[in-house]
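A.B. asks: sequence? don't have it. structure:
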């Protein structure tokens, strides 16, 4: 589960200096209901569910889909973890509720259009525009399953644990012996032996072993076919009818594969993203907003992170991570300044450019034009530092 700031920066900001670098390396994140629909298309067992965006749609779903259900699971949909323990600014506790069928409309109505704050959203929270209504399954065992990319094995890595439904980070710290890792040869693909090792790590109590092996293989197939960078199910569970079911769904996708995963990337929800990051993405800039007062415009992910470290070392706080890359145009530089100055907290801007991979006259021209176009730039102190290594 990659959720920390460093993981976010490293995962979304790696770039290769030079003319041919791909500057935009953000990772697509989709909602739980979208992930469940994608899994179902690939033959993976998921609970029956319906997504609703209004109280009228809630009534229709209860009538058409959950008419015979005494209880329904009501899940708020935002692109952040910790929903179950989150708090709405309206005062409602928890973004996930299991309620009686006659209470669904009331709970869903209190979620829709309101702001949910979790440990991952920050104090500003995120607006709940969709609610996912799911059948309540009779679960007899909850486990953890994930597939991610592993540098050490240079390929996909499947992580499994026989205990799930809780924080995997805490579990890994307290009981590391419960977590098993199975690297998959990217050329061979997943074998029956690999899948069996994963199932042994999950230690299902009632589900058919061969059926579980097939489900693991289908999950790996989904991971590869859809160019995922992470697939996490917490919990993956056993039901009383001896089925292995993905009771949750978190999937991230490689933006480099957008050209061949058009159906997947059509699922992107920009309303759940930082507007500045959306604007930066359109301009082919790598931008991540932070909480400091010193804006940074740098070229190269490594230099950008080092610049942020230097600011922090000397008592400042960086307002952002912004990598313009090695082939930025004058227009992109101007757009970068517009994004930086859109943050009202920014009091100063540090421009730190390595001239070895970026034309310095382009940066200079961009600064001059930005000063003409961005009125607020005149109120902000900025320091320009350009250097070049000469052999």
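C.D. replies: Thanks, I have it. Predicted model, so just to flag it, every value in this text is computed and none were measured. Numbering: from 1, shown residues only.
A.B. asks: When you work out contacts or count neighbours from here on, use the C-alpha atoms and nothing else.
C.D. replies: Noted.
A.B. asks: And the contacts of the lengthiest helix in the chain?
C.D. replies: When every helix of the chain is counted residue by residue (DSSP state H), the longest turns out to be helix 209-225. In this structure, residues lying in contact with helix 209-225 by Cα atoms under 8 Å, 6 or more residues apart in numbering are 39, 42-45, 147, 190, 192, 195-196, 198-199, 228-231, 244.
A.B. asks: Quick one: buried ones out of those residues?
C.D. replies: Neighbour counting over the contacts of helix 209-225 (16 or more other Cα atoms under 10 Å) leaves 39, 44-45, 147, 190, 195-196, 198-199, 228-231, 244 as the buried ones.
A.B. asks: Include distance to residue 217 when you put those residues into a markdown table, please.
C.D. replies: Listed next are the buried ones among the contacts of helix 209-225 as a markdown table, based on distance: Cα to Cα, whole Å:
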| residue | distance to residue 217 |
| --- | --- |
| 39 | 12 |
| 44 | 10 |
| 45 | 13 |
| 147 | 11 |
| 190 | 7 |
| 195 | 6 |
| 196 | 10 |
| 198 | 10 |
| 199 | 11 |
| 228 | 15 |
| 229 | 17 |
| 230 | 15 |
| 231 | 13 |
| 244 | 13 |
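A.B. asks: Which of those fall in strands?
C.D. replies: Secondary structure of the buried ones among the contacts of helix 209-225 is defined by DSSP state E; positions in strands are 147, 228, 229, 230, 231, 244.
A.B. asks: Tell me the secondary structure at the closest residue to the last one other than its chain neighbours.
C.D. replies: Distances taken as Cα to Cα, 6 or more residues apart in numbering put residue 238 closest to residue 244, at 4.7 Å, once the chain neighbours are dropped. Under the three-state scheme (DSSP: H, G, I helix; E, B strand; the rest coil), residue 238 adopts strand.
A.B. asks: can you count the residues close to residue 238?
C.D. replies: Counted with other Cα atoms under 10 Å, the neighbours of residue 238 add up to 25.
A.B. asks: Confirm for me that it is in contact with residue 247.
C.D. replies: No - because the distance of 9.3 Å does not satisfy Cα atoms under 8 Å, residue 238 is recorded as not touching residue 247.
A.B. asks: Tell me the buried residues in stretch 88-101?
C.D. replies: Within stretch 88-101, the residues that qualify as buried by neighbour count (16+ other Cα under 10 Å) are 88, 93, 94, 95, 96, 97, 98, 99, 101.
A.B. asks: State the pair within these that is farthest apart.
C.D. replies: Spatially, the most separated pair among these is 88 and 101, at 21.6 Å (Cα to Cα).
A.B. asks: hmm, back to that, export the buried ones among the contacts of helix 209-225 to JSON lines and tack on pLDDT and distance to residue 167?
C.D. replies: Below are the buried ones among the contacts of helix 209-225 laid out as JSON lines (pLDDT from 0 to 100; distance: Cα to Cα, whole Å):
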{"residue": "39", "pLDDT": "97", "distance to residue 167": "22"}
{"residue": "44", "pLDDT": "97", "distance to residue 167": "23"}
{"residue": "45", "pLDDT": "97", "distance to residue 167": "23"}
{"residue": "147", "pLDDT": "98", "distance to residue 167": "16"}
{"residue": "190", "pLDDT": "97", "distance to residue 167": "27"}
{"residue": "195", "pLDDT": "97", "distance to residue 167": "24"}
{"residue": "196", "pLDDT": "97", "distance to residue 167": "25"}
{"residue": "198", "pLDDT": "97", "distance to residue 167": "19"}
{"residue": "199", "pLDDT": "97", "distance to residue 167": "20"}
{"residue": "228", "pLDDT": "97", "distance to residue 167": "22"}
{"residue": "229", "pLDDT": "96", "distance to residue 167": "20"}
{"residue": "230", "pLDDT": "95", "distance to residue 167": "17"}
{"residue": "231", "pLDDT": "97", "distance to residue 167": "16"}
{"residue": "244", "pLDDT": "96", "distance to residue 167": "20"}
